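> Sequence plus predicted model, see below.
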Amino acid sequence: MSISVKNITKVYGTQKALNNVSFEVNQGEIVGLLGPNGAGKSTAMKIITCYKRQTSGVASVCGIDTTEDPQAVKKCIGYLPENNPLYLDMYVRESLGFVAGIYKIKNKNERVEEMIKLTGLEQEKHKKIGALSKGYRQRVGLAQALIHDPKVLILDEPTSGLDPNQLIDIRNLIKDIGKNKTVLFSTHIMQEAEAICDRVIIIDKGLIKADDTIEHLQKSLASHYMLRIELDKAIDIQKIKSLKGVLEVKEVEAKKYHITSQENIVADIQKLIVQEEATLLDLQRKEYTMESIFHELTKK
């Protein structure tokens, strides 16, 4: 596995930022670390990347213990922190060359050009970083994180503050990178997790609340069924309420009904519609989204 976190606890004074946290990220996975602000996401990432040391527990990257050999761990990791640290007076190409020099990369100029192409910086490479939009600055940060060809990529809130177009571009870039790298990224934007992740880890108040695929979380949390139906004529609400398992029925508009039930009643609804000599114009089942799952697991 690429990342292993076992029983990690991090204490600041009397506050536990992380409380006995354990999870693993396998090679080639894109995993989202989700949680409200202050949940412990950034602390976990800083421990994995050797910027902070845990109070107890063990973290390793590519089989290397983060406390025993932090320099070897850093060679395996590309890290983009939440506050993207860039030299604003440097030109894009100059900045990437500088970072490549720190890593003592052979064929430095070729690698810089390769990163510029990969992250879509061709049109901006002659500009100073201070003149770039936030979206392009994030691309520079990603290029710097990738320039030494790490096996693992750690991204802390990589799309924070981006406009909708920039969001889509960075998401697509992360998905492309994830084809060849292990990626762990933190976010509190649920749509982002749905769009990118193979798996999500939900953390709240320093505790792991869930670690699963989005599909499995949806199935496990969907205790109620939500149906929306539209008919060509109105039917008696009481007849819908009398169906087995129905909890609530609302006529939201003329001939449009929202139905909450304890079980799947689609077949029973269809039979009732036939009996009432009505025609079904539309039927939709409301699925659990990452937003509703997140709320369910982190609400007070």
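Received, thanks.
> Just the pLDDT for the residue nearest to residue 108 when sequence neighbours are not counted.
Leaving aside its sequence neighbours, residue 108 sits nearest to residue 100 (Cβ to Cβ, 6 or more residues apart in numbering; 4.5 Å). Any C-beta I mention is one placed from the backbone N, CA and C, and that applies to glycine too. pLDDT for residue 100: 95.
> What of residue 187?
pLDDT, residue 187: 84.
> how about it, what does it touch?
By Cβ atoms under 8 Å, 6 or more residues apart in numbering, the contact list for residue 187 reads 32-34, 157-159, 193.
> hang on, the earlier thing: the residue nearest to residue 108 against residue 147, yeah?
Yes - taking Cβ atoms under 8 Å as the definition, residue 100 is a contact partner of residue 147 at 5.3 Å.
> Helices along the protein, start to end?
In the chain, the segments counted as helices under DSSP state H are 41-48, 70-76, 92-102, 108-118, 134-146, 164-177, 190-196, 214-221, 237-241, 266-275, 290-298.
> Which positions in the third one come out as buried?
Which is helix 92-102. 92-93, 95-97, 99-100 (16 or more other Cβ atoms under 10 Å).
> so what secondary structure elements neighbour it?
Contacts defined by 3 or more Cβ pairs under 8 Å, 6 or more residues apart in numbering; DSSP states H and E place helix 92-102 against helix 108-118, helix 134-146.
> quick one on the thing from earlier: who touches both of residue 100 and residue 147?
111-112.
> mind showing which ranges of the protein have poor pLDDT?
In the predicted model of the chain, residues 1, 221-224, 287-289, 300 satisfy pLDDT under 70.
> go with 80
The chain contains residues with pLDDT under 80 at 1, 160-162, 188-191, 218-225, 262, 285-293, 295-297, 299-300.
> got the domain boundaries for it?
3-212, 223-298 (automatic domain parsing).
> Give me whichever of the ones you listed is most buried.
domain 3-212 (a mean of 18; mean count of other Cβ atoms under 10 Å).
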